[in-house]
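*Asks:* sequence-free structure coming up:
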């Protein structure tokens, strides 16, 4: 079964793929565990997890990028990546399929 971040990445790929010339989606999942001792006695254990999606596009011949950790704002992610392409470097390549 696909995780929520993977499903979101598929959705972003579809949304951006309809509007950009070429698209690359990156999903990152990070888990950190902090262990704290005081006087050689375990004081606390804390685990934090975060997920994010990065989107790189080639739109009208230029590179755009945006990222988010809000998996409910995928259309905003696509809009920002496309908008940033107006100021991006010229792309002389396409992303692999």
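*Replies:* Thanks, I have it. Nothing here was measured: the structure is a model prediction, and the numbers come from that model.
*Asks:* which residue ranges form the strands in the chain?
*Replies:* 22-38, 41-59, 62-68 (DSSP state E).
*Asks:* What lies in contact with the shortest one?
*Replies:* The contact list for strand 62-68, computed with C-beta atoms under 8 Å, 6 or more residues apart in numbering, reads 20, 26, 52-58, 74, 76-78, 80-91. Every C-beta, even on glycine, is put in place using the N, C-alpha and C of the backbone.
*Asks:* any low-confidence regions in this structure?
*Replies:* 1-2 (pLDDT under 70).
*Asks:* and if we set it to 90?
*Replies:* Scanning the chain for pLDDT under 90 picks out the ranges 1-6, 29, 50-51, 94-97.
*Asks:* Which helix in it has the most residues?
*Replies:* If you go by DSSP state H, the chain has its longest helix at helix 4-17.
*Asks:* Could you list the residues in contact with that helix?
*Replies:* 2, 23, 25, 27, 29, 51, 53, 55, 57, 71, 74-75, 77-78, 81-82.
*Asks:* any idea how far residue 18 is from residue 79?
*Replies:* Going from residue 79 to residue 18 by C-beta to C-beta, to the nearest Å gives 13 Å.
*Asks:* which of those two has more neighbours?
*Replies:* Set residue 79 next to residue 18 and count neighbours by other C-beta atoms under 10 Å: residue 79 wins out with 15 against 9.
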